[in-house]
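# sequence isn't available, so here's the structure alone:
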């Protein structure tokens, strides 16, 4: 691939320069090899194998120690299964007793609710009785009849305001209403 336009004399000096440039790196490579010294020796397989064997012996020794420790741990954990079996049995008993206690607690709460209901009912009845006693200031029918007679006499003989007259009439009405309750 030489240039087609220029004369042949110009192309030759360029080719010589390229050849010289390529030749120089070869010389440098040879010098680099000479500078680094002799080549490395092949690895010694036997020495390597000895080192591997030493490491393997240490590993084997540690594995034996680990095995001894695990055997010792297994000896000490002997009976663990029995412990957990007893623990499970106790837990089952405890759960049964707890369930029974829960049933009794529910029953107790139901009875307590009934008692509270009856106590509340008794309070209401006492309250009504107290109201009735307050509304009935008189303890006998004769007392009620006497009061009615007094009020009627007052209405007939005295002059009272319209408001007082309404109050007296209301009282008479209540007394007549409460008369059967007293008996």
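Yep, that arrived. Remember, predicted model here, so these are calculated numbers, not experimental data.

# how is the chain carved up into domains?
In terms of domains, the chain is parsed into 52-135, 137-183 (source: automatic domain parsing).

# any idea which of the ones you listed scores lowest on pLDDT?
Lowest mean pLDDT of the domains of the chain: domain 137-183, a mean of 86.

# for the protein, which helix is longest?
helix 80-135 (DSSP state H).

# just how off-centre is that helix within its chain?
In this view, helix 80-135 has its centroid 28 Å away from the chain centroid, taken as CA atoms, centre = their mean, to the nearest Å.

# same for that helix, what does it pack against?
Where contact means 3 or more CB pairs under 8 Å, 6 or more residues apart in numbering; DSSP states H and E, helix 80-135 is packed against helix 162-182. C-betas here are computed from N, CA, C, even on glycine.

# what sits up against the helix it packs on?
132, 135-136, 138-141, 144-145, 147-148, 151-152, 154-155, 160 (CB atoms under 8 Å, 6 or more residues apart in numbering).

# in strands, which of those appear?
Counting by DSSP state E, none of the members of these fall within strands.

# all set now, cheers.
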